[in-house]
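Asker: Need coordinates for the below:
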Amino acid sequence: MVKIGNVFYETTKLKEGIRVKFAEEKQSYIVRASNVAFAVCTKPFNLQKTVLYTIIDWIKNIRGTEDLIFGMGAETDKDCQEMLKRLTQGETQVSRRNKIPLQIEKLLE
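Answerer: Numbers count the residues shown, from 1 in each chain. The predicted model follows:
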């Protein structure tokens, strides 16, 4: 179960393209790749056409970055799908050093 706003939901796959507003963030993230265990979300970073990303781990109820020293990137849908595949296959996980509790304020269509 995950709490979104004041409502608890069963963990399900989020649709790609939906916006996720986290309680501690001003700007929402866009879901770029998702399954029932993880969701890879991005938001624009600057004028350089790069992004900041976060991974939702539904099972551990946390979010954070991938645990790779030099990340593979999350600028394209393909990058995000590859990240989701690595996470799902257990090759990587959400970084223990950069994780925070999952606090979703709301979902925006």
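Asker: Do you have the strands of the protein handy? List them.
Answerer: According to DSSP state E, the chain carries its strands in the segments 2-4, 7-9, 19-22, 29-34, 38-44, 51-57, 62-64, 100-101, 104-108.
Asker: quick one, the fifth one and strand 51-57 angle?
Answerer: Angle between the axes of strand 38-44 and strand 51-57 is 160 degrees (criterion: axes from the mean of the first three to the mean of the last three C-alpha atoms, to 10 degrees).
Asker: Now do strand 38-44 and strand 29-34, the angle between them.
Answerer: Angle of strand 38-44 versus strand 29-34, following the same axes, to 10 degrees, is 140 degrees.
Asker: wait, which of the strands of the chain is closest to K78?
Answerer: Nearest of the strands of the chain to K78, taken as C-beta to C-beta: strand 29-34 at 9.4 Å. For every residue, glycine as well, the C-beta is placed using N, CA and C.
Asker: Return the per-residue confidence for the closest residue to A39 other than its chain neighbours.
Answerer: For A39, ignoring the flanking residues on the chain, the nearest one in space by C-beta to C-beta, 6 or more residues apart in numbering is I56 at 4.1 Å. With respect to pLDDT, I56 has a value of 95.
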